[in-house]
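pasting the structure only:
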């Protein structure tokens with residue numbers, strides 16, 4: 001076991017670069033060459049030896065990369081998270097689209113001069129917005145409701 005502190009970089013910059021490239025998911029021989037080592041006949045063997053020698057550092061860097069990736073993913077989720085304001089905005093847009101007049105066409109595809117709206121969709125979006133904003137609170141016992149309660 002290497003007595004070195006894995007939080008500290010390798011003694012040689014070339015070894016550190018190799019460890020970082022490998023920990024970031026690079027291929028063994030590819031990382032070896034990108035770190036500045038020779039692409040010779042024994043490059044793959046030498047890369048494997050160096051990987052074993054620097055295993056302590058590579059393992060630490062892999063854990064660090066995984067933690068950084070998890071943080072980045074969490075931040076992306078927070079940034080794109082759906083919130084109450086977004087939902088209300090989308091409901092409003094849906095209502096506005098549902099209330100846009102759509103011309104009624106005859107059998108030949110010509111406008112009849114009449115228009116139709118998506119009334120059910122419009123009413124439903126208004127209902128959802130109203131519920132979210134608390135517009136439909138129950139009244140006192142003396143008033144009847146749609147469900148026959150009172």
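Now that the structure is in, tell me what you want to look at. Remember, predicted model here, so these are calculated numbers, not experimental data.

give the buried residues for the lengthiest helix in the chain.
Using DSSP state H, we find that the single longest helix of the chain is helix 55-79. Buried residues in helix 55-79, counting neighbours by 16 or more other CB atoms under 10 Å, are found at 56, 57, 58, 60, 61. Heads up, the C-betas are built off the backbone N, CA and C, glycines and all.

where exactly do the helices run in this structure?
In the chain, helices defined by DSSP H lie at 13-23, 28-34, 43-53, 55-79, 84-98, 119-133, listed in chain order.

make a markdown table from the ones you listed and add mean pLDDT and distance to residue 113 to it.
Shown next, in a markdown table, are those (pLDDT from 0 to 100; distance: least, CB to CB, whole Å):
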| stretch | mean pLDDT | distance to residue 113 |
| --- | --- | --- |
| helix 13-23 | 94 | 70 |
| helix 28-34 | 94 | 70 |
| helix 43-53 | 94 | 78 |
| helix 55-79 | 88 | 48 |
| helix 84-98 | 88 | 21 |
| helix 119-133 | 91 | 19 |
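
tabulate these (TSV), appending distance to residue 6.
TSV is the format used below for the helices of the chain (distance: least, CB to CB, whole Å):
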stretch	distance to residue 6
helix 13-23	10
helix 28-34	18
helix 43-53	13
helix 55-79	4
helix 84-98	43
helix 119-133	51
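
which of those helices sits closest to residue 109?
helix 84-98 (22.5 Å; CB to CB).

buried residues, that closest one. List them.
For helix 84-98, using 16+ other CB under 10 Å, the buried residues are 91, 94, 95, 98.

likewise for stretch 113-128?
In stretch 113-128, counting by 16+ other CB under 10 Å, buried: 118, 122, 125, 126.

all set now, cheers.
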